[in-house]
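Enquirer: Would you be able to build a 3D model of this:
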Amino acid sequence: MVSFAKRNQPKMDFLLIGIVALLASGLTFFSGFGLGTLLLPAFALFFPLEASVAMTAVVHLLNNLFKWWLVGRNAEKAVVLRFGLPSVLAAFGGAFLLALLSGLEAFGEYALFGQTWYLHPLKWVMAVLMVFFALFEWVPHLSTLRFDSKWLPLGGIISGFFGGLSGHQGALRSAFLVRLGMTKEVFLGTGITIACLTDFTRIAVYSGQLNASALQQWPLMTCATVCAFLGAYLGNRWLHKATIGGIQKMVALLLILYAVLLLFGFI
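Expert: Alright, predicted model coming up:
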């Protein structure tokens, strides 16, 4: 069961997580990385990892619902069924695996700098996924992967499973949908519709794992959510919606560095 620390949140926590959420959200408009990919490490600096996945999912869903209101009517229903239905079913499996991993104890420990550091299964899994998806969106060969339409159901299963487990779903979903010859409007509407269905599914599972103490943290969660939306608004208004190679590489390296710190228990 996901557990938040029971303590009063100092004002510095609100300031720090607000700034990080705002910058992370705004950065998505020109880094090439999705909102969830950048927000998860930001939340994890202040909350347990499994709780960070759940909070990132909430912000991701709200953001996707707004996009769905704008472009959802363009969704290709046949693709939503072939890809989205397997994605929803697999998201249950990924979300339940997250709950299982979060309940496991540390499998190892070591001493360094006069402190004891613990190695957790959940952190190891998340670290590996962060590295993989950072490379997936950075390395040209991986970022240009495309799959034939006959693999749509399998793509839905893979994307949905990782979406439920860690929230990493957009890059894989796009790799399977981009070869279908859809117009930009239909591609966006279809992808957003599938993303919303997956987010609803995993949040339903996450909510069953949150204990009552999580409700005590709603002010900080609200602060992070509002700042994330503000960052998205400012990024959309002031920044060019283009991938800048140097910034994309910098963000990927920072994500990999974060994953290494997570892997060895420093975070």
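Enquirer: and the nearest residue in space to A91 that is not next to it in sequence, what is it in contact with?
Expert: Of all residues not flanking A91 in the chain, G164 sits nearest, at 3.7 Å (CB to CB, 6 or more residues apart in numbering). In short, each C-beta sits where N, CA and C put it, glycine included. Neighbouring residues of G164 by CB atoms under 8 Å, 6 or more residues apart in numbering: 90-98, 198, 201-202, 205.
Enquirer: same for the biggest helix by length in the chain, what does it pack against?
Expert: Using DSSP state H to define each element, the chain has its longest helix at helix 184-209. Judged by 3 or more CB pairs under 8 Å, 6 or more residues apart in numbering; DSSP states H and E, the packing partners of helix 184-209 are helix 49-71, helix 85-102, helix 152-165, helix 170-177.
Enquirer: Turn those helices into a markdown table, including mean pLDDT and distance to P41.
Expert: Listed next are these as a markdown table, based on pLDDT from 0 to 100; distance: least, CB to CB, whole Å:
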| stretch | mean pLDDT | distance to P41 |
| --- | --- | --- |
| helix 49-71 | 83 | 8 |
| helix 85-102 | 92 | 16 |
| helix 152-165 | 92 | 16 |
| helix 170-177 | 82 | 16 |
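Enquirer: Would you tell me which one of those is buried the most?
Expert: Comparing the helices and strands packed on helix 184-209 by mean neighbour count (mean count of other CB atoms under 10 Å), helix 152-165 ranks first with a mean of 24.
Enquirer: how far does that one sit from the chain's center?
Expert: Its chain's average C-alpha position is 14 Å from that of helix 152-165, according to CA atoms, centre = their mean, to the nearest Å.
Enquirer: Stretch 17-29 too?
Expert: Distance, centroid of stretch 17-29 to centroid of chain: 14 Å (CA atoms, centre = their mean).
Enquirer: With stretch 190-202 instead?
Expert: 13 Å.
Enquirer: Can you give me the buried ones in that stretch?
Expert: Applying a neighbour-count criterion of 16 or more other CB atoms under 10 Å, one finds T190, G191, I192, T193, I194, A195, C196, L197, T198, D199, T201, R202 buried in stretch 190-202.
Enquirer: can you list the residues you listed in a markdown table and add pLDDT?
Expert: Listed next are these as a markdown table, based on pLDDT from 0 to 100:
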| residue | pLDDT |
| --- | --- |
| T190 | 90 |
| G191 | 87 |
| I192 | 87 |
| T193 | 93 |
| I194 | 93 |
| A195 | 90 |
| C196 | 92 |
| L197 | 93 |
| T198 | 92 |
| D199 | 91 |
| T201 | 91 |
| R202 | 90 |
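Enquirer: Just the terminal-to-terminal distance for stretch 79-93.
Expert: Start-to-end span of stretch 79-93 (CA to CA, to the nearest Å) is 21 Å.
Enquirer: Need the contact partners of that stretch.
Expert: Against stretch 79-93 from outside (CB under 8 Å, 6+ apart): 152-161, 163-164, 169, 173, 176-177, 180, 182, 190, 193-194, 197-198, 201-202, 205.
Enquirer: re the thing from before, including distance to N63, could the contacts of G164 go into TSV?
Expert: Shown next, in TSV, are these (distance: CB to CB, whole Å):
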residue	distance to N63
A90	22
A91	17
F92	22
G93	24
G94	20
A95	19
F96	24
L97	24
L98	20
T198	13
T201	17
R202	15
V205	20
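Enquirer: Can you tell me which of those comes closest to F43?
Expert: Of all the contacts of G164, F43 sits closest to L98, with 14.2 Å by CB to CB.
Enquirer: so how far is I19 from the closest one?
Expert: 27 Å (CB to CB, to the nearest Å).
Enquirer: ok, now which ones touch V260?
Expert: V260 neighbours (CB under 8 Å, 6+ apart): A127.
Enquirer: Can you tell me the element it falls in?
Expert: If you go by DSSP states H and E, V260 is part of helix 245-263.
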